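[1] only geometry, no sequence info:
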């Protein structure tokens, strides 16, 4: 395993050998900062999600809320799987989760983002 800096300040990647994987070709680790109340988005600490909303539990497994995962995926919607992850998550996200993601996208992409219209219209976006 190897920790590498990226082109973005404060953003690092973890590289490791994935010997023997047949379907999964990578694993992504996201390291976020938090304060006493909020999880902070790595690329802009102005984007925050309350800790009580940031994590979910299913079958005893703690995972990051889909709206925060999708925010990370919003940086490269053409990357394999990102658009289908967005489409699949839409039907499972509450109006509150969709609103948070829409607001976060508006902050990060004031010029617009293809997912914002889908979130406000509650439609699947292609």
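    Cool, got the structure. Keep in mind that what you see is a predicted model, and the values were worked out from it rather than measured. Numbers count the residues shown, from 1 in each chain.
[2] helices or strands up against the helix or strand of the chain with the lowest mean pLDDT?
    Of all regular secondary-structure elements in the chain, judged by mean pLDDT, DSSP states H and E, the least confident is strand 12-15 with a mean of 70. Contacts defined by 3 or more Cβ pairs under 8 Å, 6 or more residues apart in numbering; DSSP states H and E place strand 12-15 against strand 2-5. All C-beta atoms are positioned from the backbone trio N, CA, C, and that covers glycine.
[3] What mean pLDDT does the strand it packs on get?
    Averaging pLDDT along strand 2-5 gives 72.
[4] Now do the same contact list for the residue lying closest to residue 33 once chain neighbours are set aside.
    Excluding the flanking residues, the one nearest residue 33 by Cβ to Cβ, 6 or more residues apart in numbering is residue 40, at 4.7 Å. With contact taken as Cβ atoms under 8 Å, 6 or more residues apart in numbering, residue 40 is in contact with 32, 33, 34, 47, 48.
[5] Any quick PyMOL command for the buried ones out of those residues?
    With 16 or more other Cβ atoms under 10 Å as the criterion, this PyMOL line picks the buried residues out of the contacts of residue 40:
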select buried, resi 47+48
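[6] In the helix ranked longest in the chain, which residues are buried?
    Longest helix in the chain, counting residues (DSSP state H): helix 95-108. Buried residues in helix 95-108, counted by 16+ other Cβ under 10 Å: 97, 98, 100, 101, 102, 104, 105, 108.
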